[in-house]
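Novice: here is my input, please return the structure:
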Amino acid sequence: MGETNYAVVVEASPLRRMVMVTGRTNPGLAQSIAEELNGTLSAVQLREFANGEIHCRFEDSIRGADVFIMQSHASPVNDSIMEQLIMIDAAKRASAKRITAVCPNYGYARQDRKSTGREPITAKLLADMLQTAGADRVLAVDLHSGQIQGFFNVPVDHLTAAPVLEEYLKAHTKTQDLVVVAPDAGRVKVAERYAQHLGCDLALVHKTRPRGTANVAVARDVVGDVAGRHCILIDDMIDTAGTILAAAELLKAQGAGDIWVMATHAVFSPPAIERLMAAPVSRVVVTDTLPLPEDRRFPKLEILSVAPLVARAMMAVFSDDSVSEIFGGENLA
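Specialist: Next up is the predicted model:
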């Protein structure tokens, strides 16, 4: 007798499920993103053991789901990163179909190369950790340098807050009177893009850092015409505000008119707030990629939300559409 072969056919369900969870560093932004998506955040238990170790448990089944795990790498940075890694590992072991690490602010981004001998490249180390934990994809906003995308062996969706900041400028200024100012050479490309979009002039502050120092900046000169002009200092982050303070004081010494500061990530490490309050700037405009509690806000400060931008990118990832088309291809570097 011949052998009988049986073919087993299983109809896979076409239902796709999107699940978003968040760590504890920036729940306000996560809630805003969920509202933009007309959904709710999935429940997750996060707590510490007595010795400080973090425990995570998803309250709902995420088997077969497209899971987005959001965590801004905010202070304490190491704790927030570790919490996200643990959440990713838990999702992987819970049989999530695809895991996207959403990092509105990517930690250690400034350590993207060796500037002297015997230093780490910690941005690459963090990329390895996210992938080892189980992230299939990473979504971040305004990386300190585009080269960080190359540290990953999984897709990276690099978003930029430029559309949010540019819309604010168009609504609150006469763009023909503006001069976009790069506070150092590393921001020239970004500042030039803003100037092109806004149809205004570009200037550059020549900055140096004394050898062997950290968080110390010396503004040497301004390249460009700023006298009597409305100057917009553009940067990716404000940490201790040393660079911004030095640039603003030099611009004012060169005869600049009104000076605004705009940045994506409001790190605001001490003494940033005191420096910004004392600086010759009338407005500081940042986004909500990092949480800013009431005690760290001040009269000059305005906060714009990137929630609509991140939500749109997440939906594009979920539906396998192009993320770069949201930004006209200008988000890749």
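Novice: where in this structure is the helix or strand with the lowest mean pLDDT?
Specialist: Least confident element among the helices and strands of the chain, by mean pLDDT, DSSP states H and E: strand 218-223 (a mean of 80).
Novice: show me where the stretch 201-333 of the chain has strands.
Specialist: Using DSSP state E, counting those that start in this stretch, the strands of the stretch 201-333 of the chain run over 201-208, 218-223, 230-238, 259-266, 283-287, 301-304.
Novice: and of those strands, who's closest to Arg57?
Specialist: Minimum separation from Arg57 across the strands of the stretch 201-333 of the chain (Cβ to Cβ) falls at strand 259-266, 30.2 Å. For glycine as for every other residue, the C-beta is placed from the backbone atoms N, C-alpha and C.
Novice: that closest one - contacts with which helices or strands?
Specialist: When contacts are defined as 3 or more Cβ pairs under 8 Å, 6 or more residues apart in numbering; DSSP states H and E, strand 259-266 packs onto helix 162-172, strand 230-238, helix 242-253, strand 283-287.
Novice: quick one on the thing from earlier: the strands of the stretch 201-333 of the chain: which one's closest to Ala272?
Specialist: Evaluated over the strands of the stretch 201-333 of the chain, closeness to Ala272 peaks at strand 230-238, with 6.2 Å, by Cβ to Cβ.
Novice: CA atoms only: put the closest one into CSV for me.
Specialist: In CSV, the C-alpha atoms belonging to strand 230-238 read as follows (Å, rounded to 0.1, in the frame of the first residue of the first chain):
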residue,chain,number,x,y,z
HIS,A,230,15.4,88.8,14.6
CYS,A,231,17.7,85.9,15.3
ILE,A,232,16.6,82.3,15.9
LEU,A,233,19.2,80.1,17.5
ILE,A,234,18.4,76.4,16.5
ASP,A,235,19.8,73.4,18.3
ASP,A,236,18.9,69.8,18.8
MET,A,237,19.1,69.9,22.6
ILE,A,238,19.7,72.3,25.4
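Novice: and it, which strands flank it?
Specialist: Strand 230-238 sits in its sheet next to strand 178-182 (parallel), strand 259-266 (parallel), going by DSSP bridges.
Novice: between strand 218-223 and that strand, find me the angle.
Specialist: Strand 230-238 runs at 140 degrees relative to strand 218-223, counting by axes from the mean of the first three to the mean of the last three Cα atoms, to 10 degrees.
Novice: what's the span of stretch 93-106, first residue to last?
Specialist: Length of stretch 93-106, first residue to last, Cα to Cα, to the nearest Å: 24 Å.
Novice: same check, this time on stretch 233-249
Specialist: Using Cα to Cα, the end-to-end distance of stretch 233-249 comes out at 12 Å.
Novice: average model confidence for that stretch?
Specialist: The average pLDDT for stretch 233-249 rounds to 94.
Novice: in that stretch, what counts as buried?
Specialist: Within stretch 233-249, the residues scored as buried using 16 or more other Cβ atoms under 10 Å are 233-249.
Novice: present the strands of the stretch 201-333 of the chain as JSON lines; the columns should include distance to Glu35.
Specialist: Formatted as JSON lines, the entries for the strands of the stretch 201-333 of the chain read as follows, by distance: least, Cβ to Cβ, whole Å:
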{"stretch": "strand 201-208", "distance to Glu35": "37"}
{"stretch": "strand 218-223", "distance to Glu35": "41"}
{"stretch": "strand 230-238", "distance to Glu35": "26"}
{"stretch": "strand 259-266", "distance to Glu35": "21"}
{"stretch": "strand 283-287", "distance to Glu35": "17"}
{"stretch": "strand 301-304", "distance to Glu35": "16"}
